[in-house]
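# Return a 3D structure for these sequence lines:
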Amino acid sequence: MKTLAPVLLAVSLSASVATAQSEEIHPNENLVVEGVPKIPASLAEEVGRYTEFRSAGFTSWHPTRREMLIGTRFGNTAQAHLVRGPGMARQQLTFFPENVFGGLFEPKTGESFVLTKDVGGNEFYQLYRYDFSDGKITLLTDGKSRNTGPVWSNGGQWVAYGSTRRTGNDVDLYVVDPRNPQTDRRMAEFSGGGWSVSDWSPDDRTLLVTEGISINETYLWSIDVATGQKTLLTKKGEKPTIAYGNAAFAKDGKGIYVTTDRGSEFQRLAYMDLASRKLELVTPDTADVDEFDLSPDGRTIAYVTNEKGASVLRLLDTASRREIAGPKLPLGLVFGPKWHKDGSTLAFTFGSARSNYDAYSYDTKKGVVERWTLSETGGLNAETFSEPELISWKSFDGRTITGFLYPPAKKFTGKRQVVIDIHGGPEGQSRPDFMGRDNFLLNELGVAVLLPNVRGSTGYGKSFSLLDNGFLREGTYRDIGALLDWIGTRPDLDSDRIMVQGGSYGGHMTLAVAYVYSDRIRCAVDVVGPSNLVTFLENTSGYRRDLRRVEYGDERDPKMRAFLEKIAPANNAEKIRKPLFVIQGANDPRVPRSESEQMVARIRKVGTPVWYLMAKDEGHGFGKKNNRDFQFYATVAFMKEFLLK
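Okay, the predicted model is just below:
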């Protein structure tokens with residue numbers, strides 16, 4: 001399976017206790033395996049190099065030196081590393097058994113940084129301070145609640161963040177001086193789980209805060225740091241609802257830059273004057289602006305547009321509102337652009353179908369792109385990896401649906417087996433990404449991999465993203481039905497040998513396709529997918545329940561509840577007649593373990609073959625390399641048994 005969060009970078013190393021002399025691969029002590037046959041050690045040797053990919057992601061610039069923090073994995077989990085220049089050694093700084101997220105330098109001296117970590121994938125994140133003077137790591141939060149989105153003040157004294165500490169569900173706003181955890185205080189209380197800090201004002205007296213209701217409805221607030229007084233910056237009650245995304249103060253503090261779909265289909269870059277609240281749209285209504293960062297002098301904005309799934313990194317002169325020359329990058333994806341304090345160097349993470357994710361910089365004065373990390377690909381030549389084809393097909397209502405087709409290596413001829421890999425979200429998008437381990441399917445098994453963007457996906461305008469909400473849910477299933485028809489028109493694809501797989505909402509889609517189109521697929525692999533949206537909504541973590549109800553529908557409404565029960569894969573288990581593999585993390589706060597267990601139990605009653613893999617030390621997907629490796633070995637064994645024969 002592909003990694004769902006590139007910055008996490010928990011990409012993998014070899015996984016089980018199998019050795020070259022062993023006859024079989026034994027799951028480690030944290031894995032519960034049911035129905036999975038013995039996996040020969042020869043399979044681990046066969047796929048081994050494809051599990052040794054490594055990647056890296058930029059997280060923070062040193063404020064005074066040309067050095068950066070990155071996240072990458074040398075052992076079993078991703079940790080924080082320091083890199084002192086392009087192509088230089090990655091110095092590991094943290095050594096936790098769990099994955100480390102982020103890593104943000106103190107913005108004045110760089111003498112410390114703040115990192116985020118959870119336990120066992122439970123997503124109850126805690127903030128820590130790492131001191132370079134002695135390597136000491138200090139807990140900043142309570143050790144129990146969920147703490148997210150740390151943002152340093154410009155002066156380097158405070159970190160603002162969101163926490164569920166008060167109620168367990170509502171996200172309140174806290175500030176702390178990382179040098180003294182005792183200064184931690186709740187600045188403002190909120191209702192709901194969608195609150196996050198966007199930025200500090202230049203004088204550090206005001207915070208810019210986002211209130212998220214859904215992907216299509218968000219609001220901006222300013223918070224007085226001293227008093228906690230809240231001021232709404234955007235109107236409520238507008239129809240249609242408006243979404244505001246990334247937001248940051250202008251350097252004079254008189255306005256903010258923000259992405260918004262006000263009057264548009266796409267998230268456009270805009271400027272809001274704080275006195276008049278007048279909004280000036282800056283970029284055209286042709287593509288989403290995914291991320292942006294304002295240069296230290298306020299003269300240039302670096303922003304990333306999503307153009308048919310690919311990223312384009314652009315630069316904008318804030319005075320003239322005109323685009324200026326930026327870096328020329330291959331077709332791929334860009335994440336996390338961030339200016340150095342020197343004002344001329346921009347860092348970002350970049351990856352493509354033939355390049356796993358690494359940290360890069362762009363010197364605007366010299367016009368030069370430099371690669372800071374060169375992550376390993378198991379000794380394989382990534383230049384030979386498959387590149388995607390942008391495809392499209394007509395769905396049941398005449399709407400055009402698109403996706404990406406990764407063809408197998410050219411040495412394979414004739415009609416090829418197909419894996420349909422459905423993204424999560426549903427507010428997500430399959431993009432021309434690095435395929436990681438799935439390159440084994442393409443290069444060694446000769447299987448084509450197809451990534452659809454069914455209705456409800458992002459990147460195609462807000463109207464498209466709304467097409468799967470509530471009672472419209474089954475339209476997404478029918479988009480896959482139309483894709484099955486399209487596969488039948490391709491002379492290079494075998495419509496009689498298709499496997500469907502997906503994670504999170506993609507797992508739900510996998511289960512739905514498995515019962516709606518059971519006669520048209522060979523098998524299915526569900527990773528942490530909801531099997532019944534009613535029980536999912538009732539049992540998902542409280543801080544996210546209302547956010548999900550906007551998307552799926554409110555299960556407390558009798559009509560909606562009846563509809564969701566009707567379409568639930570768990571309630572249609574008798575229609576699933578093709579083998580199913582279900583994969584789950586015990587500590588998943590999003591899709592509870594019970595969703596997978598009820599699905600497996602009902603499939604067993606039907607008598608359909610079902611494999612079950614559960615990790616006791618994982619959450620929403622497997623993040624530890626040893627677990628990911630065994631998952632991949634088992635998935636390949638499942639494919640060989642039910643798809644390739």
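# May I have the phi/psi pair for the residue nearest to residue 330 when sequence neighbours are not counted?
Nearest residue to residue 330, sequence neighbours excluded (C-beta to C-beta, 6 or more residues apart in numbering): residue 352, at 5.3 Å. Every residue, glycine included, has its C-beta placed from N, CA and C. The phi/psi pair for residue 352 (degrees, to the nearest 10) reads phi -150, psi 180.
# Is residue 352 bridged to anything, and to what?
Assessed by DSSP bridges, residue 352 has beta-bridge partners residue 355.
# is it true that it touches residue 434?
Yes: here residue 352 reaches residue 434: they are 6.5 Å apart, a contact under C-beta atoms under 8 Å.
# what about the longest strand in the chain?
strand 493-503 (DSSP state E).
# Packing partners of that one?
strand 416-422, helix 474-487, helix 505-516, strand 523-527, helix 625-642 (3 or more C-beta pairs under 8 Å, 6 or more residues apart in numbering; DSSP states H and E).
# Just the buried positions in it, please.
Using 16 or more other C-beta atoms under 10 Å as the test for burial, strand 493-503 gives 493-495, 497-503.
# out of those, who's nearest residue 300?
Nearest to residue 300 out of the buried residues of strand 493-503 is residue 503 (C-beta to C-beta; 37.4 Å).
# Now that closest one. Nearest residue, chain neighbours left out?
Closest residue in space to residue 503, ignoring its immediate chain neighbours: residue 527 at 3.9 Å, by C-beta to C-beta, 6+ apart.
# Give me the neighbour count for that neighbour.
Counted with other C-beta atoms under 10 Å, residues neighbouring residue 527 total 27.
# Quick check: bridge partners of it?
With DSSP bridges as the rule, residue 527 is bridged to residue 503, residue 583.
# And it, how far from residue 159?
As judged by C-beta to C-beta, to the nearest Å, residue 527 and residue 159 stand 34 Å apart.
# Need the mean per-residue confidence for the longest strand of the chain.
The average pLDDT within strand 493-503 is 98.
# ditto for stretch 283-295
Mean predicted lDDT for stretch 283-295 stands at 97.
# where exactly do the helices run in the protein?
Residue ranges of the helices in the chain, as given by DSSP state H, are 41-47, 439-440, 462-465, 474-487, 505-516, 533-539, 542-552, 558-567, 593-606, 625-642.
# and those, which one's lowest on average pLDDT?
Least confidently modelled of the helices of the chain is helix 542-552, at a mean of 91 by mean pLDDT.
# Between helix 505-516 and that helix, find me the angle.
Counting by axes from the mean of the first three to the mean of the last three C-alpha atoms, to 10 degrees, helix 542-552 points 50 degrees away from the direction of helix 505-516.
# residue contacts, the residue nearest to residue 503?
1, 501-504, 506-507, 583-584, 621 (C-beta atoms under 8 Å, 6 or more residues apart in numbering).
# wait, which of these is closest to residue 545?
Nearest to residue 545 among the contacts of residue 527, with distances taken as C-beta to C-beta, is residue 504, at 15.7 Å.
# I'd say that closest one and residue 536 touch.
No: counting by C-beta under 8 Å, residue 504 does not reach residue 536; the two are 10.7 Å apart.
# Overlap in contacts, those two.
residue 591.
# For residue 276, state which of the contacts of residue 527 is nearest.
Using C-beta to C-beta, residue 504 is the member of the contacts of residue 527 that lies nearest residue 276, at 41.7 Å.
# With adjacent residues omitted, what lies nearest to that closest one?
residue 424 is the one closest to residue 504 (C-beta to C-beta, 6+ apart), at 3.3 Å.
# Can you name the residues that contact the one you found?
Residues in contact with residue 424 (C-beta under 8 Å, 6+ apart) are 4, 502-507.
# what about residue 533, how many residues close to it?
Residue 533 has 27 nearby residues by other C-beta under 10 Å.
# Residue 504 too?
24.
# how near is it to residue 423?
For residue 504 relative to residue 423 (C-beta to C-beta), the value is 9 Å.
# Just give the number of residues close to the residue nearest to residue 461 when sequence neighbours are not counted.
In this structure, residue 461 finds its nearest non-sequential neighbour in residue 265, 3.5 Å apart by C-beta to C-beta, 6+ apart. Residue 265: 16 surrounding residues under other C-beta under 10 Å.
# Distance check, residue 112 against residue 481.
According to C-beta to C-beta, residue 112 stands 54 Å off from residue 481.
# now residue 237
Separation of residue 237 from residue 481 (C-beta to C-beta) stands at 38 Å.
# these two touch, right, residue 336 and residue 291?
Yes: the pair residue 336 / residue 291 is scored as a contact, 6.8 Å apart, by C-beta under 8 Å.
# When these two are compared, which one has more neighbours?
More neighbours surround residue 291 than the other of residue 336 and residue 291, with 21 against 18 (other C-beta under 10 Å).
# Spit out the contact partners of the more buried one.
Contacts of residue 291 (C-beta under 8 Å, 6+ apart): 246, 303-304, 335-337.
# Show which residues not belonging to stretch 143-162 make contact with it.
Stretch 143-162 is contacted from outside by 102, 104, 106-109, 114, 116, 123-127, 140-141, 163-165, 168, 171-178, 187, 195-200, 202, 204, 207, 225, 543, using C-beta under 8 Å, 6+ apart.
# Make a ChimeraX selection of whichever of those residues turn out to be buried.
Applying 16+ other C-beta under 10 Å to the contacts of stretch 143-162 leaves a buried subset, and the ChimeraX line that selects it is:
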select :102,104,106,107,114,116,123,124,125,126,127,140,141,163,164,165,171,172,173,174,175,176,177,178,187,195,196,197,198,199,200,202,204,207,225,543
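# In strands, which of the contacts of stretch 143-162 fall?
102, 104, 114, 116, 126-127, 163, 172-177, 187, 195-200, 207.
# Identify the bridge partners of residue 317.
Per DSSP bridges, the residues bridged to residue 317 are residue 300, residue 322.
# Pretty sure it sits against residue 299.
Yes: shown here, residue 317 and residue 299 form a contact pair, counting by C-beta under 8 Å, at 6.8 Å.
# where does this protein have low pLDDT?
Residue ranges of the chain with pLDDT under 70: 1-22.
# Distance check, the residue lying closest to residue 457 once chain neighbours are set aside against residue 96.
Nearest residue to residue 457, sequence neighbours excluded (C-beta to C-beta, 6+ apart): residue 429, at 5.0 Å. For residue 429, the distance to residue 96 (C-beta to C-beta) stands at 31 Å.
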